[in-house]
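**Student:** have a look at this fold, sequence not included:
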Ligand SMILES: Cc1cc2nc3c(=O)[nH]c(=O)nc-3n(C[C@H](O)[C@H](O)[C@H](O)COP(=O)(O)OP(=O)(O)OC[C@H]3O[C@@H](n4cnc5c(N)ncnc54)[C@H](O)[C@@H]3O)c2cc1C
């Protein structure tokens with residue numbers, strides 16, 4: 001028995017959430033006194049693959065074939081399942097990212113495995129294999145017991161943290177048959193929508209809501225985000241009104257994020273909004289209404305008018321940066 005972790009790459013590089021998934025998988029492997037193997041699909045240089053050893057992967061299966069250069073859900077799931085079978089892995093771990101959300105259930109079906117999506121902690125060690133995970137679109141937690149022999153766990157980004165565990169990773173090429181039926185949808189070209197920091201991966205996020213009154217007032221939000229090196233986000237009504245693009249909408253029906261810092265400006269804190277942001281490590285709320293529900297989950301709160309507070313915040317940051 002062993003543990004397999006899928007390491008998603010973007011343009012040949014691994015993101016922090018991947019190193020976190022490897023750290024998490026390594027902790028499971030250690031608990032089971034077994035080895036951790038990683039599987040990478042796409043064009044990744046050897047030195048980047050070797051990096052995975054730093055977090056505990058002792059072997060890396062490298063799949064580099066033309067058909068799988070870009071992400072193809074069904075085909076990637078088949079390859080990862082084939083690797084799990086080859087490695088006799090009974091636990092498969094991956095990040096609960098956009099692609100992870102599509103892959104995890106497919107891999108689980110192929111391996112007849114129990115599935116825990118949105119895991120936020122290591123499985124329990126009391127003899128049962130129970131995983132704490134988010135439920136009801138992030139509004140609650142559930143403890144799910146996986147009773148099947150094989151298990152698939154999709155870890156929520158920023159839930160476990162990156163932990164170094166230096167091992168010398170050996171790299172092995174892995175060739176799995178890619179069936180034509182798995183290539184039903186193929187990405188032909190990837191076009192970047194923006195050069196801005198990607199919201200799902202951002203460590204810092206500045207978000208604003210209807211309290212900003214209109215799209216013309218987002219200049220100060222963008223300036224604040226740029227000074228902090230943060231991504232920008234917004235509430236649903238803001239993107240519904242086309243004040244901001246839908247790619248910035250966070251919450252139950254938008255993107256779920258868990259950055260280290262989430263600054264919410266002029267957002268009431270409706271439950272559907274909180275569903276996507278409440279697992280942020282530190283939440284700062286700026287709202288002129290002291291009764292705004294967001295203050296209940298805030299680590300720091302400023303009761304004040306955004307049009308007064310944000311410019312002062314920007315001024316202070318500029319002064320701090322010199
Ligand atoms: C099925 C369903 C799914 C939903 N999914 C989502 C979702 O994914 N994401 C999401 O965000 N919403 C979602 N919603 C909508 C959600 O219920 C709220 O309506 C929405 O989050 C409110 O957005 P808001 O806080 O920007 O606006 P408002 O509720 O209008 O709040 C504006 C806030 O700004 C404050 N304010 C006003 N002026 C200022 C000022 N000058 N300075 C400082 N503060 C000020 C006000 O006090 C208020 O708290 C969903 C709703 C439903 C029914």
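**Tutor:** Cool, the structure landed. Quantities reported herein were computed from a predicted structural model and do not represent experimental measurements.
**Student:** spit out the contact partners of residue 108.
**Tutor:** Going by Cβ atoms under 8 Å, 6 or more residues apart in numbering, residue 108 touches 114, 115, 150, 152. (Glycine included, C-beta is placed from N, CA and C.)
**Student:** isn't the first one right up against residue 133?
**Tutor:** Translated: residue 114. No: look at residue 114 against residue 133 with Cβ atoms under 8 Å: they stay out of range, at 11.7 Å.
**Student:** ok, the two, which is more surrounded?
**Tutor:** The residue with more neighbours, out of residue 114 and residue 133, is residue 133; 23 against 18, by other Cβ atoms under 10 Å.
**Student:** what's that one sitting at in phi/psi?
**Tutor:** Main-chain dihedrals, residue 133, degrees, to the nearest 10: phi -140, psi 160.
**Student:** shouldn't it be in contact with residue 122?
**Tutor:** No: using Cβ under 8 Å, residue 133 makes no contact with residue 122, being 11.8 Å away.
**Student:** shared neighbours, residue 114 and residue 133?
**Tutor:** Taking Cβ under 8 Å, 6+ apart as the contact rule, residue 114 and residue 133 both touch residue 144.
**Student:** shouldn't residue 143 be in contact with residue 132?
**Tutor:** Yes: between residue 143 and residue 132 a contact is recorded at 5.5 Å, counting by Cβ under 8 Å.
**Student:** please say which of these two ends up with more neighbours.
**Tutor:** Remark: of residue 143 and residue 132, residue 132 carries more neighbours, 18 against 13, as counted by other Cβ under 10 Å.
**Student:** can you tell me the SS state at the more buried one?
**Tutor:** What DSSP: H, G, I helix; E, B strand; the rest coil gives for residue 132 is strand.
**Student:** got a list of what the closest residue to it other than its chain neighbours touches?
**Tutor:** Of all residues not flanking residue 132 in the chain, residue 121 sits nearest, at 4.4 Å (Cβ to Cβ, 6 or more residues apart in numbering). Counting by Cβ under 8 Å, 6+ apart, residue 121 touches 131, 132, 159, 160.
**Student:** residue 134 and the ligand, how far apart?
**Tutor:** 14 Å (Cβ to the nearest ligand atom, to the nearest Å).
**Student:** that residue reaches residue 155, doesn't it?
**Tutor:** No: applying Cβ under 8 Å as the test, residue 134 and residue 155 come out as separate, 11.0 Å apart.
**Student:** picking up where we left off before, show me the contacts of residue 108 that map onto strands.
**Tutor:** Of the contacts of residue 108, the ones assigned to strands by DSSP state E are 114, 115, 152.
**Student:** taking the stretch 1-150 of the chain, what residue is nearest to the ligand?
**Tutor:** Closest to the ligand within the stretch 1-150 of the chain is residue 137: 8.3 Å, counting by Cβ to the nearest ligand atom.
**Student:** next, count neighbours for residue 244.
**Tutor:** Neighbour number of residue 244 under other Cβ under 10 Å is 21.
**Student:** from residue 206, how far off is it?
**Tutor:** According to Cβ to Cβ, to the nearest Å, residue 244 stands 12 Å off from residue 206.
**Student:** residues that sit against both of those two, list them.
**Tutor:** The contact lists of residue 244 and residue 206 share residue 232, where a contact means Cβ under 8 Å, 6+ apart.
**Student:** residue numbers of the chain in contact with the ligand?
**Tutor:** For the chain, the residues found near the ligand under the criterion Cβ under 6 Å from any ligand atom are 209-211, 235-238, 251-254, 266-268, 270, 272-273, 276, 286-289, 292, 305-307.
**Student:** same thing but at 5 Å, please
**Tutor:** Taking Cβ under 5 Å from any ligand atom as the measure of proximity, the chain contacts the ligand at 209-211, 235-237, 251-254, 266-268, 270, 272-273, 287-289, 292, 305-306.
**Student:** hey, where'd the helices end up in the stretch 51-200 of the chain?
**Tutor:** Under the criterion DSSP state H, counting those that start in this stretch, the stretch 51-200 of the chain contains helices at 73-86, 98-111.
**Student:** make TSV from those and add mean pLDDT to it.
**Tutor:** Formatted as TSV, the helices of the stretch 51-200 of the chain follow (pLDDT from 0 to 100):
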stretch	mean pLDDT
helix 73-86	97
helix 98-111	96
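**Student:** how about these in CSV, adding distance to residue 60?
**Tutor:** Formatted as CSV, these follow (distance: least, Cβ to Cβ, whole Å):
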stretch, distance to residue 60
helix 73-86, 11
helix 98-111, 18
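**Student:** residue 18 is in what secondary structure piece?
**Tutor:** Per DSSP states H and E: residue 18 is located in helix 16-31.
**Student:** what comes up buried for that helix?
**Tutor:** Buried residues in helix 16-31, counted by 16 or more other Cβ atoms under 10 Å: 17-29.
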